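Student: the following block contains a protein sequence and its predicted model.
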Amino acid sequence: MGVKSSLKDVGRVLRIDFGIMNSITKKMDEIIDKPSVKFKHYDALAESDAPDDRAKYREFKALENEYPELFRLARRFEGTPRNMGVHASGILITPMAVNEIVPTRKAKDGTTVTLYTGVQLENLNFLKFDILGLKTISVIKNCLEHINKDLTFDDLYKTLELNDKGIYEMIRKKETDGLFQIESNLFKGMIEDIQPDNINDIIVINALD
C-alpha cells in the first residue's frame, strides 16, 4: 500500500467523509507530485535547505496534526500488501503439475495461480513467458479506418518522424495519457527526471521499468 491508498483505506474504516478524504489526498499530491512517494519523503522535507521544501513540510505537518489518528494508522499500513493480483499474461512452464512445486490458489475463473511473484519465480530459475496482448494496436487500427479505410500500419511507418521536436515537448509535459508504456505515473515520474528529447531517451525510460 502506498501513501494515498493507505490513507484512503484507513479513512474508510474511520468513517471520514469521502469529500474530506479526497481533499486530503489532493493536498498530499500538491505537496509532492511524484509517483511511488512515501511518508519518509514528506518527513525529509523538514531537513531540506530549500525554503519551498520547508514550507511544504509545514503544510504536511498541519494536515497530519489535523487528522492524527488517520495518519498514525496510515503510516503503519504503508508498504503492506493490499490485495493479490494476477499477471494478465504470465505463463509458468513446469515439467510437472505446478502445484507440486510451488504454492498455488484458484483464481475466480478457475485458473491455477502461483502464490509467488514473477520476480520470485525468476530468482528460483523458473521459466516464465509473458504473452502480451495490446489493445493499443486495435485503437490505432480503428483510427486509421475512420480516417481512410485504405490506410495501413505501413503508411504510418512511412510518415514516422523520430526527430519531431513537438512530440518530445509533449512527452516532457507528461501529456502521455493513452500512449502505450509511458502513460502511467511511474513513467511520468521518469519523464520528469530524464526530460527526453530523442528516441534513445524513450528507449532508456522503457528499459528502466
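Tutor: In hand now; what should we look at?

Student: could you check which helix or strand contains the closest residue to Ile199 other than its chain neighbours?
Tutor: Spatial nearest neighbour of Ile199, chain neighbours left out: Leu162 (4.8 Å); criterion: CB to CB, 6 or more residues apart in numbering. The way it works is simple: take the backbone N, C-alpha and C, and place the C-beta from them, glycine included. Under the criterion DSSP states H and E, no helix or strand holds Leu162.

Student: didn't Leu162 look like it was pressed against Asp197?
Tutor: No. Leu162 is beyond contact range of Asp197, at 11.6 Å (criterion: CB atoms under 8 Å).

Student: residue contacts, Leu134?
Tutor: Phe180 (CB atoms under 8 Å, 6 or more residues apart in numbering).

Student: look up how far Glu175 lies from it.
Tutor: Between Leu134 and Glu175 the computed distance is 21 Å (CB to CB, to the nearest Å).

Student: Ile182 too?
Tutor: Distance from Ile182 to Glu175, counting by CB to CB: 10 Å.

Student: show me the domain layout of the chain.
Tutor: For the chain, automatic domain parsing gives the domain ranges 3-77, 90-130, 135-208.

Student: could you identify which of those domains is most buried?
Tutor: Among the domains of the chain, ranked by average contacts under mean count of other CB atoms under 10 Å, first place goes to domain 3-77 (a mean of 15).

Student: spell out the secondary structure type for Phe129.
Tutor: strand (DSSP: H, G, I helix; E, B strand; the rest coil).

Student: I'd guessed it sits against Thr94; true?
Tutor: No. Phe129 is beyond contact range of Thr94, at 11.8 Å (criterion: CB under 8 Å).

Student: low-confidence stretches in this structure?
Tutor: Counting by pLDDT under 70, the low-confidence segments of the chain come to 209.

Student: so is the residue nearest to Glu78 when sequence neighbours are not counted in a helix, a strand, or just coil?
Tutor: Leaving aside its chain neighbours, Glu78 sits nearest to Ser6 (4.9 Å; criterion: CB to CB, 6+ apart). With three-state DSSP as the basis, Ser6 sits in helix.

Student: for Phe180, see how far away Ser6 is.
Tutor: 29 Å.

Student: and if you look at Asp53?
Tutor: Asp53 is 35 Å from Phe180, by CB to CB.

Student: now the residue sitting furthest away from the middle of the chain: how far from Leu156?
Tutor: The centre of the chain is farthest from one residue, Asp150, which by CA atoms, centre = their mean lies 36.7 Å away. According to CB to CB, Asp150 stands 13 Å off from Leu156.

Student: quick one: common contacting residues for the two?
Tutor: What both Asp150 and Leu156 touch, as defined by CB under 8 Å, 6+ apart, is an empty set.

Student: list the residues that contact the residue nearest to Glu78.
Tutor: By CB under 8 Å, 6+ apart, the contact set of Ser6 is Leu73, Ala74, Arg75, Phe77, Glu78, Thr80.

Student: now it: how far from Asn22?
Tutor: Ser6 is 15 Å from Asn22, where distance means CB to CB.
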